[in-house]
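**Student:** Fold the following for me, if possible:
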Amino acid sequence: MLDYIKMRSNMNIHKLILISFLLLLSGCPGYFPGSQLYKPLPKWERQFFEKAKFDIYPNDVRESPETYEKNLVVWPGIIKSITIDAENGSQIARFTIEHHYFDWIEDHGLQREKYFLSPRGEGLFALAWHVDTQEDKLFIQQFAVDDMIIAYGYPSMIKDDLIGFYPTQNIRPIKPKWYRTDVLDYGRLGEPMKSLMVP
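**Tutor:** Have a look, this model is predicted:
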């Protein structure tokens, strides 16, 4: 799957360079254009990134939950809510996330933003994270509503069309200044991509 993403990255470099120049003209700061495959955090994230399946999407799970419940998946999205609840003597952070398509490309172009999520996706999903230690609390404090999130887990719970990760394996926040949803429009990996930028 990673080989396919790399191939797609090479196919889209010319489009990302064009978009970088358009963003520069709009006044966004940045660097010399270039793109690369998404880089997971080496200490905490890479082990999950290397094992996760990229070609299982929320609607696949809604159609056949039992088929995918033992598959580790990675889904990108935008955090819509975070609550802290008490349960059986533990504190649990609960996230509601709006799924967005992501081409798994980092664009180090002439703009500040590095991640160009599609404005489209496949609905909401949820996850939970235990907050029992001071280290857990400091970790969860990194996350906020409107952050982009990269979430790894097993899609094992369905309720009212909302998929829940159980268990959640890893989560990574990306602050709003590093992503946009109004630059590229695309769907699942392999589907056509178009620019939303008007020259």
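**Student:** tell me what the strand ranked longest in the chain is packed against?
**Tutor:** Scanning the chain for the strand with the most residues, using DSSP state E, yields strand 73-87. Packing partners of strand 73-87 (3 or more CB pairs under 8 Å, 6 or more residues apart in numbering; DSSP states H and E): strand 90-99, strand 124-130, strand 148-159. All C-beta spots, glycine's among them, are computed from the backbone N, C-alpha and C.
**Student:** From Glu45, how far out is the most centrally placed residue in the chain?
**Tutor:** Averaging the C-alpha coordinates of the chain gives a centre point, and the residue nearest to it by CA atoms, centre = their mean is Pro76 (1.9 Å). In this view, Pro76 and Glu45 are 13 Å apart by CB to CB, to the nearest Å.
**Student:** Show me where the chain has its strands.
**Tutor:** For the chain, strands defined by DSSP E occupy the ranges 35-37, 73-87, 90-99, 105-107, 115-116, 124-130, 148-159, 162-174, 179-180, 184-186, 193-195.
**Student:** Can I get the longest one in CSV, CA atoms only?
**Tutor:** Pointing back at strand 73-87 there. Once side chains and other backbone atoms are set aside, the C-alpha atoms of strand 73-87 remain, and they are given as CSV (Å, rounded to 0.1, in the frame of the first residue of the first chain):
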residue,chain,number,x,y,z
VAL,A,73,-6.8,1.0,10.3
VAL,A,74,-5.5,4.6,10.2
TRP,A,75,-8.0,7.4,9.6
PRO,A,76,-7.4,11.1,9.2
GLY,A,77,-9.9,13.7,10.2
ILE,A,78,-10.7,16.9,12.1
ILE,A,79,-11.6,16.8,15.8
LYS,A,80,-15.2,18.1,16.4
SER,A,81,-15.5,17.5,20.1
ILE,A,82,-13.4,16.3,23.2
THR,A,83,-15.0,15.4,26.5
ILE,A,84,-13.5,14.0,29.7
ASP,A,85,-15.7,11.5,31.5
ALA,A,86,-15.4,9.4,34.6
GLU,A,87,-15.9,5.6,34.1
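**Student:** one step back: list the buried ones in the longest strand of the chain?
**Tutor:** Of the residues in strand 73-87, those with enough neighbours to count as buried (16 or more other CB atoms under 10 Å) are Val73, Val74, Trp75, Pro76, Gly77, Ile78, Ile79, Ile82.
**Student:** Pull the distance from that strand to the chain's centre.
**Tutor:** The gap between the average C-alpha position of strand 73-87 and the chain average comes to 12 Å, counting by CA atoms, centre = their mean, to the nearest Å.
**Student:** Report the rounded mean pLDDT for that strand.
**Tutor:** Per-residue pLDDT values over strand 73-87 give a mean of 96.
**Student:** again, but for stretch 174-193
**Tutor:** Taken as a whole, stretch 174-193 has an average pLDDT of 96.
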